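1. give me coordinates for this.
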Amino acid sequence: MYLFFGILILICILFSLVFHIRKKRIICKICEMQLEQKVCLLNQIMEPFGFCYSPSQDIIPSRTDAWQKKFGYCALYDKTAVHFSMVFDCEPIYFNYNNRTWMFEFWKGQYGISTGGEIGLYCADRVLSPWEYDKTLFHGISDKELMPVTMTAYYKGSPLFTACQPQWWLTGFCPGRFCWPGDLALRVSITFKSENMMYCFLTSLVQSGYIKCGISICDMTVSFMFARPFSHQPCCKTCLSARWAQFKNRLFCKLYMWVTRPFKCTLDKILYLYYFLPFAFRHMLCMKKHRKQKFRKPRRKERRKYGI
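-> Now for the predicted structure:
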């Protein structure tokens, strides 16, 4: 019996030693890499997930060619989001233009271990009646229809980040931050290509509950603040499952910050997580649309290229 416990303790010590050596090796290699090299590597790693890294804002935005575009959007995504540890406020704005129904939706809240927001620009193939909105699969607007979109996120009045890009799905995520959706606000700006389209959107925006004095118009750009949603929210967001999801999110945020404590910026933290705990890296990037992607480990050539 004593021999068994002795062997068990020895094995634990050996595992701890190997674990510590591996950890130190990864930390040293990441610290030795140049900034441009790390950004290039992280963008390459996150490309299959539909995301990239923004050095200027230290956030994770989405790519214009993100694979999520193939799956479009339907109301079911919002209704089931809480079961994937996503608790957010959502604001869909529907309007008809050019013989089609368009849907611009705005999100803000907690996405697993990340605080963030989204702006999605979608359209249907035809004009829909209001009762069809929740049953229809909308498609991301085409590359020819992309519009300059700007989003500034505020946490309790303090700015978190600004994302600006011609996009169909503009996002910004801050890993390691925790919040309740009510503590976040988004300043949204959309630059339209058509004046008629802009006024169709404005009409629907006002009908949704936004007051005219809270909406600013400059040339073809419409700006407003998304703080309290006026549209009906998914019923599951107010139930116990949302509180349970937020409890887990807060716990995993603290765990993420503890594991990645050797580093301060998001770039280094994610690279460290990618090589040290790959399964945790995959979980962190499952932030939207509840779709599974094949996780590709770095090839030997890539490891040698970046010195890891």
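
2. all strands for this protein, in order.
-> Remark: strands of the chain, listed N- to C-terminal, are 86-97, 100-111, 114-123, 139-140, 147-155, 158-167, 169-175, 184-191, 216-218, 221-226; assignment by DSSP state E.

3. rounded mean pLDDT for the shortest one, please.
-> Averaging the model's pLDDT scores along strand 139-140 yields 96.

4. same for it, what does it pack against?
-> Helices and strands touching strand 139-140, as assessed by 3 or more CB pairs under 8 Å, 6 or more residues apart in numbering; DSSP states H and E, comprise strand 114-123. The way it works is simple: take the backbone N, C-alpha and C, and place the C-beta from them, glycine included.

5. list the strands paired with the strand it packs on, with their directions.
-> strand 100-111 (antiparallel), strand 139-140 (antiparallel), strand 169-175 (antiparallel) (DSSP bridges).

6. mean neighbour count, those strands: which tops it?
-> When you average the neighbours per residue for each of the strands paired with strand 114-123 (mean count of other CB atoms under 10 Å), strand 169-175 leads with a mean of 25.

7. Throw the strands of the chain into CSV and include distance to residue 13, thanks.
-> Rendered in CSV, the data for the strands of the chain read as follows (distance: least, CB to CB, whole Å):
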stretch, distance to residue 13
strand 86-97, 41
strand 100-111, 39
strand 114-123, 36
strand 139-140, 53
strand 147-155, 44
strand 158-167, 43
strand 169-175, 33
strand 184-191, 46
strand 216-218, 64
strand 221-226, 54
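
8. how about the strands paired with strand 114-123 in a markdown table, adding distance to residue 256?
-> Written out in a markdown table, the entries for the strands paired with strand 114-123 read as follows (distance: least, CB to CB, whole Å):
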| stretch | distance to residue 256 |
| --- | --- |
| strand 100-111 | 13 |
| strand 139-140 | 30 |
| strand 169-175 | 7 |
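
9. what about residue 26, how many residues nearby?
-> Residue 26 has 18 neighbouring residues, counting by other CB atoms under 10 Å.

10. quick one: residues contacting residue 113.
-> Residues in contact with residue 113, defined by CB atoms under 8 Å, 6 or more residues apart in numbering, are 175, 176, 178, 249, 252, 253, 256, 284.

11. make JSON lines out of the residues you listed and add distance to residue 140 and pLDDT.
-> Written out in JSON lines, the entries for the contacts of residue 113 read as follows (distance: CB to CB, whole Å; pLDDT from 0 to 100):
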{"residue": "175", "distance to residue 140": "24", "pLDDT": "94"}
{"residue": "176", "distance to residue 140": "29", "pLDDT": "94"}
{"residue": "178", "distance to residue 140": "29", "pLDDT": "97"}
{"residue": "249", "distance to residue 140": "27", "pLDDT": "95"}
{"residue": "252", "distance to residue 140": "29", "pLDDT": "93"}
{"residue": "253", "distance to residue 140": "30", "pLDDT": "95"}
{"residue": "256", "distance to residue 140": "30", "pLDDT": "93"}
{"residue": "284", "distance to residue 140": "24", "pLDDT": "69"}
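
12. greatest separation within the residues you listed: which pair is it?
-> Pairwise distances across the contacts of residue 113 (CB to CB) peak at 13.5 Å, for the pair 178 and 284.

13. the more surrounded of those two?
-> When neighbours are counted by other CB under 10 Å, residue 178 and residue 284 differ, and residue 284 comes out ahead with 24 against 19.

14. any idea of the pLDDT on residue 306?
-> 48.

15. an error on my part: the question was meant for residue 19.
-> Reported pLDDT at residue 19 in the predicted model: 70.

16. cool, residue 89 as well?
-> In this model, residue 89 is scored at 95, pLDDT.

17. ok, now the one 5 residues further on?
-> What the model reports for residue 94 is a pLDDT of 97.

18. correct me if wrong: it contacts residue 130.
-> Yes. With the criterion set as CB atoms under 8 Å, residue 94 and residue 130 qualify as a contacting pair; they are 7.5 Å apart.

19. which one's more surrounded, the two?
-> In terms of neighbours (other CB under 10 Å), residue 94 is the more surrounded of residue 94 and residue 130; the figures are 22 against 8.

20. mind listing what the more buried one touches?
-> By CB under 8 Å, 6+ apart, the residues touching residue 94 are 101, 102, 103, 128, 130, 133, 204.

21. quick one: which of the strands paired with strand 114-123 is nearest residue 241?
-> Sorting the strands paired with strand 114-123 by CB to CB, the top spot, which is the nearest, belongs to strand 100-111 at 13.5 Å.

22. where does pLDDT dip in the stretch 51-200 of the chain?
-> Screening the stretch 51-200 of the chain residue by residue with the criterion pLDDT under 70, one finds no matching range.

23. hmm, try it at 90
-> Counting by pLDDT under 90, the low-confidence segments of the stretch 51-200 of the chain come to 83.

24. from what I see, residue 216 and residue 205 are in contact.
-> No. Contact criterion CB under 8 Å: residue 216 and residue 205 do not qualify, at 12.0 Å.
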